[in-house]
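1. build me a structure from this.
(2 chains)
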Amino acid sequence: AQSVAQPEDQVNVAEGNPLTVKCTYSVSGNPYLFWYVQYPNRGLQFLLKYITGDNLVKGSYGFEAEFNKSQTSFHLKKPSALVSDSALYFCAVRVDYKLSFGAGTTVTVRA
Amino acid sequence: DGGITQSPKYLFRKEGQNVTLSCEQNLNHDAMYWYRQDPGQGLRLIYYSQIVNDFQKGDIAEGYSVSREKKESFPLTVTSAQKNPTAFYLCASSIKGPNQPQHFGDGTRLSIL
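-> As a prediction, the model looks like this:
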């Protein structure tokens, strides 16, 4: 079955430090991978996607993600975290016409 | 502004009652989706539709029904057969195609009285 896993329920970082949110995937064929962010009581906002090509994908709000085929990973990164980055982050993989989501990682950035 | 509108934001259901959640989009997207979100479980797909008058069951369709009579609208009915309906429900839409991101509404929180 095609799926993604987010191994960390929570990530805590200090403002100004690098932020990494981990995601691993299991798919047959070429993966279509996505990252979304969710703020409390809101819907999900699209951050970035990997389809093919460059392994480093740049997205919204200064986020980027690194696709690593050998490690089957697609980690989300931000060089310098902001307090306003505190939210719930989801990794997702396209399966046929649907998205399969990870369980989510709660990011807390302390001032 | 283009986007997805879900209403109401909060909804309460009595035992044995059916309730309908509204989802409207003005993005001219062909595909629409309904997800259920529970704490610690991510999002699970209830139903999806790729074209008007056609829809398919997702992973947890039991106790739910949908219709797609118009391109802009994809209402979800939570029936009395759904024994644990308390959750946050999210509607999404996208352009058809495997590399197209889904755009989400701000959700409806359903609770049981």
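
2. show me the beta-bridge partners of residue 45.
-> I went with chain A, as the question did not name one. As for beta bridges, residue A:45 partners with residue A:37 under DSSP bridges.

3. wait, chain B was what I had in mind.
-> Beta-bridge partners, per DSSP bridges, of residue B:45: residue B:35.

4. list the contacts of residue 58.
-> No chain was given, so I picked chain A. Neighbour list for residue A:58: A:48, A:64 [criterion: CB atoms under 8 Å, 6 or more residues apart in numbering or on different chains]. (Glycine included, C-beta is placed from N, CA and C.)

5. actually chain B
-> Residue B:58 sits next to A:98, B:33-34, B:44-48 when contact means CB under 8 Å, 6+ apart.

6. now swap in residue B:38 and tell me
-> Per CB under 8 Å, 6+ apart, neighbours of residue B:38: B:44, B:87-88.

7. for the closest residue to chain B within chain A, give me its contacts.
-> Per CB to the nearest CB, residue A:43 is where chain A lies closest to chain B, at 3.4 Å. For residue A:43, the contacting residues are B:4, B:6, B:90, B:92, B:104-107, by CB under 8 Å, 6+ apart.

8. quick one: name whatever helix or strand follows the longest strand along chain A.
-> With residue count as the measure and DSSP state E as the assignment, chain A has strand A:87-95 as its longest strand. Counting by DSSP states H and E, the next helix or strand C-terminal to strand A:87-95 is strand A:98-101.

9. and the spatially closest residue to residue B:100 that is not a sequence neighbour, how far from residue A:48?
-> In space, and not counting its chain neighbours, residue B:100 is closest to residue B:94: 4.8 Å by CB to CB, 6 or more residues apart in numbering or on different chains. Taking CB to CB, to the nearest Å as the measure, residue B:94 falls 15 Å from residue A:48.

10. write out the residues of chain A neighbouring chain B.
-> With CB under 8 Å from any CB of the partner chain as the criterion, chain A meets chain B at residues A:9, A:32, A:34, A:36, A:41-46, A:49, A:51, A:90, A:94, A:97-99, A:101-104.

11. show me which of those residues are buried.
-> A:32, A:34, A:36, A:43-46, A:49, A:90, A:94, A:97-99, A:101-104 (16 or more other CB atoms under 10 Å in any protein chain shown).

12. so residue A:59 touches residue A:34, yeah?
-> No - taking contacts as CB atoms under 8 Å, residue A:59 lies outside contact range of residue A:34: 9.7 Å.

13. any shared contact partners between those two?
-> Residues touching both residue A:59 and residue A:34 by CB under 8 Å, 6+ apart: A:47-49.

14. which among these gets closest to residue A:4?
-> residue A:49 (13.0 Å; CB to CB).
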